[in-house]
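Asks: got a predicted structure plus its sequence, pasted below:
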Amino acid sequence: MQASDFLDNGDPFFNLDDDDNEYHDGEVEPLPPEAQMHVDNSFKTAGGPLARTTLFMSHLSTLTNADIALKMASIIEHMASLQMDVTTFLHFLSWNLKVPVDMKHEEGTIRYARTALMHSEQLPGILKNWHKPPRPHSWGVRTTAARNAMDDWALENVTARINREMRLFAPQLLSPPQDITEESLLATRLKDDIPAMQATQPTFWKLMHSLSCTPLQAKRNKYKSHEPRIFIIGAMLHYGRSHHRCRYQKFLSIYLKASGLAAKANDTTHLFGLTMSQKWIYKGIEQLSDSNRQRMMDDIIRYLWFGGHDNLNLAFKIYEQRANKQSHFDNGTAGTIYIVKDTSVPPPNRIAYMEQRARECKNPITALEIFLKARHFGPRLYEQRIHIVLSILLEAPEFTDWEHKADAALACPTPVQQLPIGLEHATVQHVLDTVHMEEGTQEGNRQVIDEWKRQLGLTDVKARQEPMANRLIVWVGDQLTTIQLRFVKRDRVFDLNFIQRFEQFLEIFGWFHAQIAQEFSMHKQYLGSSENLGLKHAFENLNRKGLNTTSVQGNFHYTFREALRHTAEARFRDVWTVAAGVEELAELRQRTPQELRDLACKVVDEYASTEALVKLRQPDKSRSAQDDLFDLSVQFNRDTLDFLDLDDCIRTGDVGRMEYLLPRLLFRFHGGGNHKYAHELLELMQGLWREWPDDLKSFVMRFCWLANTTGKKNSFLAFDMVQEHNIRDIKVTFATLGPYATWDYIKRMSASIPTQRKIKHHVEREFNHFCRGLSHTSPSHHEDVVKLQGKYHEAKAHVFKPGRHLTSNNKVKDVMALGSNPKTLQAMIDRWTERRLTEKSDKEIFDDVDTLVQRYKDSMSVRANKTHTEPSTSVAQN
């Protein structure tokens, strides 16, 4: 990269401010590099000044020092006879003499000698000795020589040179303060700008690099880079020269604001020239919100989209209380729009959906069909259970360096329907303006949906025009959101048109909250005690706090999920040793991959399946031949595999396997008494297998179940979890604090959150890639698992011992068996069917209220007139 790369038509001042005047007094621009090279080469030709100097030096090198001293003394004496000395000679030689025009020969002689001096190889040595004369070691006093004059001259020269270089690099940092967009901020790349500054400002860079570390540190340092520090110093100096050179100041201002920098601290960094002012930051955030809103409006016109929302609870703290100002919690709603940029996908058709739903709603799914689906899905789920059991073994420390891990017998089964990965498939989201409306009620949800339609520009007129008139909008939320939206639609089935009846929206539950419901069910079923080796026993041995009661707040989900995974890992490690008849897992390294797969099948069949439980619970077995603890262990292992399977297919993005798990989830929620989610699953299965056209089913499964915000492998998460992340960012990560943290300001800045998140990650990648990662490293859980495995091995939890009984308080119901009871399951389906079947209007009247009132008055007037005239006619006839 050359300095000329930053010039515009050779002008080093393009795009500079009109009032910029960066020339120092007497400063002259240097010759272009190619012209300078031509001059240097001309001096070295035969007969040129440098050639003569070389010849003289060659001759003088044959003389003694005494001979040279005599020549020098003779020259100095001759100069004195001409009333000149070395000082005056050099003064007039250095362009301080204007030679008369008629003295061509004398002018040529002077210019020839001056050129020989200026371009000679000896000049650097001459200047060095002038600055610091040599002397014998430890002898005499060193003369000052020309040190002071040369230091002042060098400082002036370096300053002027750095000044010229900074003018060349200035266009690289130009960015109008009022211009702030996501694209311009993310286009700021340190790895591109550092080489540019090194090439354009070499003097400045060398100077700063020499100041940033000592020579010893430079030799010793192998990891730390001074380049970012030097570059930011340069950017700060440029910002001091012109506030238009603020590309990095804007970049860092948004980053530090997103990282929670206080206003007072920002005032300090602004004083240093590192960031913009606090006022600019507030305006910049609002400008980012405005540009993001416009981008959202453009996207919903060009692409398919769907959305979701959830409740937001904020704590407003007041430090000086007044009658109308008190600390309090308040509720609002945060919403998000998700964009589907795959243009090959057909939009879900509302009319086709309503027609198919009208046909199929009276043909509800039956318990028999669910059982048939479960049997059809069973073989694929069985293969996945074998793989999960194998993975627990292969991920154990004993198998870290086992050479057969890549064997085909141990490979993961082919996904049923795998979502694509890659940056081009990363989820695109737009955060809607947060509103001070509580969505926990039916009326609140109606108001929230009306507000989202207003923000999206979906007026009634626009909504009934193509293409929105036939568009079906999928809306994702938790169970409370979906049921409230369903109630809104049910209560408005006789309204005048499809817009008022909310027929444009298809509500579906989010899988994150379904996973939480599954965890609550497992917790309720298996908490138990130390006697039956329940989850409470595991929590006490693992020293996990706060898990004895369920909670939807805090980190309960993460902590319980982790504890349940560690418990399952400990149990299956113990099962491996029991099934294989070994004392240590390391002994299994001698087995072949196929033998380990066969053992995994045995583990699933005999220690984690319904078939094994059926054999243990045969009615003809006497009580003394039963083992309650072993029965409970097999039941827990079977149910835990369902949990691990759902968690794995969400993480990996296998939506086909998620569909395969629907019957088993229904059995759990029905048997465990969670009727709300049981009804949600019935709604989903009725839609997937009855009421949804194929294009709608494909759209929902491909785009509305799982998101991948990074496009990376194994980074999928449910859309309601994405919404929870956005709520976390509004409340915590990018929280608005202080007395001006009002709902109105939160609403204005909400749309900027995706950009703030991107900028934060972008800066951390640009600056911190050699320091630390973007997430914490999880501590090893091996010791916890081994400790818990020892407890299960000591209790012989997975060894059948007839006569081992549990008290009635320590026995655990089999909710899967209860939920798969055909009679109770069909009865629950019948109740659900009865509630959802309602008549609805198919009218499409779009007149406003005033028009409808006038039409009603006109009809009543016509009817009154008709009633008044009919008797007169009959009298006349009589």
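Replies: Arrived safely. As the structure is a prediction and not an experimental result, all values here were calculated from the model.

Asks: which pLDDT value belongs to His776?
Replies: Predicted confidence (pLDDT) for His776: 62.

Asks: one more: Leu496?
Replies: 83.

Asks: phi, psi of Pro348?
Replies: Pro348 adopts backbone torsions of phi -60, psi 130, taken as degrees, to the nearest 10.

Asks: that one: neighbouring residues, count only.
Replies: A count of nearby residues for Pro348, using other C-beta atoms under 10 Å, gives 25. From N, CA and C alone the C-beta is placed, and that goes for glycine too.

Asks: quick one: it and Leu696 touch, right?
Replies: Yes. Judged on C-beta atoms under 8 Å, Pro348 makes contact with Leu696 at a distance of 4.6 Å.

Asks: and for these two, which residues touch both?
Replies: Leu472, Leu506 (C-beta atoms under 8 Å, 6 or more residues apart in numbering).

Asks: and the closest residue to Asn821 other than its chain neighbours, what does it touch?
Replies: Distances taken as C-beta to C-beta, 6 or more residues apart in numbering place Gly671 nearest to Asn821, at 7.8 Å, with adjacent residues excluded. Contacts for Gly671 (C-beta under 8 Å, 6+ apart) come out as Lys813, Asp814, Val815, Met816, Ala817, Leu818, Gly819, Ser820, Asn821.

Asks: tell me the pLDDT at the last one?
Replies: Reading off the confidence values, Asn821 has pLDDT 96.

Asks: ok, the fourth one next?
Replies: The predicted local distance difference test score for Met816 is 96.

Asks: please report phi then psi for it.
Replies: For Met816, the backbone dihedrals (degrees, to the nearest 10) come out as phi -70, psi -40.

Asks: for the first one, same thing?
Replies: The phi and psi torsions at Lys813 (degrees, to the nearest 10) take the values phi -70, psi 150.

Asks: save the contacts of Gly671 as a markdown table, and put in distance to Phe560 and neighbour count too.
Replies: As requested, those are exported to a markdown table (distance: C-beta to C-beta, whole Å; neighbours: other C-beta atoms under 10 Å):
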| residue | distance to Phe560 | neighbour count |
| --- | --- | --- |
| Lys813 | 20 | 12 |
| Asp814 | 21 | 19 |
| Val815 | 18 | 23 |
| Met816 | 20 | 20 |
| Ala817 | 24 | 15 |
| Leu818 | 23 | 16 |
| Gly819 | 21 | 24 |
| Ser820 | 25 | 22 |
| Asn821 | 28 | 15 |
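
Asks: any idea how far Gln356 is from Gly581?
Replies: Using C-beta to C-beta, to the nearest Å, we find Gly581 at a distance of 56 Å from Gln356.

Asks: more neighbours: which of the two?
Replies: Per other C-beta under 10 Å, whichever of Gly581 and Gln356 has more neighbours is Gln356, with 18 against 7.

Asks: quick one: what helix or strand has the more buried one in it?
Replies: Per DSSP states H and E, Gln356 falls inside helix 350-360.

Asks: starting at the chain centroid, how far to the helix or strand just after that helix?
Replies: Counting by DSSP H and E, the element after helix 350-360 in chain order, helix or strand, is helix 367-394. Distance of helix 367-394 from the chain centroid (C-alpha atoms, centre = their mean, to the nearest Å) equals 33 Å.

Asks: same question, stretch 413-425
Replies: Distance, centroid of stretch 413-425 to centroid of chain: 19 Å (C-alpha atoms, centre = their mean).

Asks: and stretch 602-611, by the same measure?
Replies: Mean-position distance between stretch 602-611 and its chain equals 41 Å (C-alpha atoms, centre = their mean).

Asks: ok, now stretch 255-262?
Replies: What separates the centre of stretch 255-262 from the centre of its chain is 17 Å, taken as C-alpha atoms, centre = their mean.

Asks: hmm, who's touching that stretch?
Replies: If you take C-beta under 8 Å, 6+ apart as the criterion, stretch 255-262 is touched by 266, 269, 275, 281, 285, 733-735, 756-757, 759-760, 763.

Asks: spatially, which two of these are the most separated?
Replies: The largest separation in those, counting by C-beta to C-beta, is between Thr269 and Arg757 at 21.2 Å.

Asks: would you say Gly308 is within a strand?
Replies: Yes. Per DSSP: H, G, I helix; E, B strand; the rest coil, Gly308 lies within a strand segment.

Asks: and it, what are its bridge partners?
Replies: For Gly308, the beta-bridge partners are Thr336, Val476 (DSSP bridges).

Asks: surely it meets Gly510?
Replies: Yes. Between Gly308 and Gly510 there is a contact under C-beta under 8 Å: 7.0 Å.

Asks: list residues touching both of the two?
Replies: Val476, Gly477, Phe719, Asp720, Gln723.

Asks: contacting residues for the last one?
Replies: Residues in contact with Gln723 (C-beta under 8 Å, 6+ apart) are Gly308, His309, Asp310, Ala334, Thr336, Val476, Gly477, Gly510.

Asks: ok so, going back, and the residue nearest to Asn821, how far is that from Phe494?
Replies: From Gly671 to Phe494 the distance is 37 Å (C-beta to C-beta).

Asks: kindly report the same for Thr482.
Replies: For Thr482, the distance to Phe494 equals 22 Å [C-beta to C-beta].

Asks: of these two, who's got more company?
Replies: More crowded of Thr482 and Phe494, by other C-beta under 10 Å: Thr482, with 24 against 12.

Asks: ramachandran angles for Phe560?
Replies: Phi and psi for Phe560, reported as degrees, to the nearest 10, are phi -70, psi -40.

Asks: what sits against it?
Replies: Glu519, His523, Leu547, Thr550.

Asks: what about the last one, how many residues nearby?
Replies: Think Thr550. 15.

Asks: and what of the second one?
Replies: The number of residues packed near His523 is 19, by other C-beta under 10 Å.

Asks: also the third one?
Replies: Around Leu547 sit 20 other residues, with neighbours defined as other C-beta under 10 Å.

Asks: verify the stated contact: it with Ala563.
Replies: Yes. Using C-beta under 8 Å, Leu547 makes contact with Ala563 at a distance of 6.2 Å.

Asks: any residues in contact with both of those two?
Replies: Leu535, Phe539.

Asks: which residues does the one helix or strand Gly444 maps to contact?
Replies: Following DSSP H and E, the helix or strand that holds Gly444 is helix 442-455. Identification of contacts with helix 442-455 by C-beta under 8 Å, 6+ apart yields 293, 307, 309, 333, 335, 432-433, 435, 437-439, 459, 463, 481, 484-485, 487-488, 491, 502, 505.

Asks: okay then, goodbye and thanks.
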